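S.K.: Structure, please.
(2 chains)
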Amino acid sequence: MTESDPAVLETAIRAALVLVSGLCVLCGYRVIRGPTNPDRVVALDAIATNVVAIAVLFALLTGRGLFITVSLVLAIIGFIATVAVAKFVTDGEVIE
Amino acid sequence: MTTVIMRTTARVIVPIILVVAISLFFDGHNLPGGGFIGGVLTTTAFAIVYMGFGLDFLERGILGRDVDPGKEPSRDRVVLAYRRLFAYGFALAVLSGLAPLLFGKPFLTQTFEMLEGVPIYDHLEVASALAFDFGVYCVVVGGLLTILSVVGAE
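M.R.: Below is the predicted model:
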């Protein structure tokens, strides 16, 4: 955070952090209860996306660019995981 | 079965991931990054190619070699290349750790050199840790790709 930022920005970022963390907990419920495995996969993917959002919000709050790198790498890994599971669900094998 | 969507996405995503991997590799020893995470991201780029185009695409489509589909996958020449990359990377990491002993410094001592007047960058920091990082990078890429291509063919 720099001096030129409006005061409401920090409040908004903190509120968004709490909101996204709460969403992670709700997704955790879906992971545990799941009824089916695809439900769990979608919930885990949503958690990964939420963690990316948390990293970006934290980078905005602290002004440290390294959390952007963290979010970038997490987004890439999350994408690969989702594609691999989707191929496994439809084809039964990841690499043919 | 791989869809057109997956193949088109792979064409766009793979270069971006490789650029991120290279930038993280050169960020190492100053900022978060380094050989390991660069190697892991490079492997994920290869994993997308394997998932989108199949296991034989690297040898047949890119390198232009003929592959027998039923052949033992661990005998493929590209897998042998991965194993060689693993061995050479390991040797490079060990040798870069042993090199300071020649100058009477402890094992794994690192130093750096500032180059002035370089075009485009103006000044460039060349660290000796880059050699060790590159060894780690080769070990990670070689090892993970060997696992991926051999286990993926099971």
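
S.K.: and residue B:46, how many neighbours does it have?
M.R.: Using other C-beta atoms under 10 Å in any protein chain shown, residue B:46 has 19 neighbouring residues. Quick note: C-beta positions are derived from backbone N, CA and C, even for glycine.

S.K.: Show the contacting residues for residue B:133.
M.R.: B:25, B:28, B:29, B:34, B:35, B:38 (C-beta atoms under 8 Å, 6 or more residues apart in numbering or on different chains).

S.K.: Without its sequence neighbours, what residue ends up closest to it?
M.R.: Spatial nearest neighbour of residue B:133, chain neighbours left out: residue B:35 (3.9 Å); criterion: C-beta to C-beta, 6 or more residues apart in numbering or on different chains.

S.K.: who's in contact with the one you found?
M.R.: B:25, B:28, B:132, B:133, B:134, B:135, B:136, B:137, B:140.

S.K.: ok, it to chain A distance?
M.R.: Residue B:35 sits 14 Å away from chain A, going by C-beta to the nearest C-beta, to the nearest Å.

S.K.: who's residue B:127 bridged to?
M.R.: residue B:112 (DSSP bridges).

S.K.: returning to that earlier point: could you export the contacts of residue B:133 as CSV, including pLDDT?
M.R.: Output for these, formatted as CSV (pLDDT from 0 to 100):
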residue, pLDDT
B:25, 91
B:28, 80
B:29, 76
B:34, 84
B:35, 88
B:38, 93
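
S.K.: if we take those, which one ends up nearest to residue B:44?
M.R.: Checking these against residue B:44 by C-beta to C-beta gives residue B:38 as the nearest, at 10.9 Å.

S.K.: Please give me every residue in contact with that closest one.
M.R.: Residue B:38 sits in contact with B:21, B:22, B:24, B:25, B:28, B:133, B:137, B:140, where contact means C-beta under 8 Å, 6+ apart.

S.K.: what does chain B put close to chain A?
M.R.: B:1-2, B:6, B:13, B:17, B:20, B:24, B:27, B:31-33, B:37, B:41, B:44, B:47-48, B:50-51, B:54-55, B:148, B:152-153 (C-beta under 8 Å from any C-beta of the partner chain).

S.K.: Where do the helices of chain A begin and end?
M.R.: A:7-33, A:37-62, A:66-91 (DSSP state H).

S.K.: would you list the ones you listed in JSON lines and tack on mean neighbour count?
M.R.: Shown next, in JSON lines, are the helices of chain A (neighbours: other C-beta atoms under 10 Å in any protein chain shown):
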{"stretch": "helix A:7-33", "mean neighbour count": "13"}
{"stretch": "helix A:37-62", "mean neighbour count": "17"}
{"stretch": "helix A:66-91", "mean neighbour count": "17"}
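
S.K.: Which of those helices sits closest to residue B:101?
M.R.: helix A:66-91 (33.5 Å).

S.K.: tell me what the closest one is packed against?
M.R.: helix A:37-62, helix B:4-27, helix B:35-53 (3 or more C-beta pairs under 8 Å, 6 or more residues apart in numbering or on different chains; DSSP states H and E).

S.K.: Now with 6 Å, please.
M.R.: Contact partners of helix A:66-91 among helices and strands, from 3 or more C-beta pairs under 6 Å, 6 or more residues apart in numbering or on different chains; DSSP states H and E: helix A:37-62.

S.K.: for the helix it packs on, the distance to its chain's centre please.
M.R.: 1 Å (C-alpha atoms, centre = their mean, to the nearest Å).

S.K.: Could you count how many residues lie near residue B:14?
M.R.: Residue B:14: 17 neighbours (other C-beta under 10 Å).
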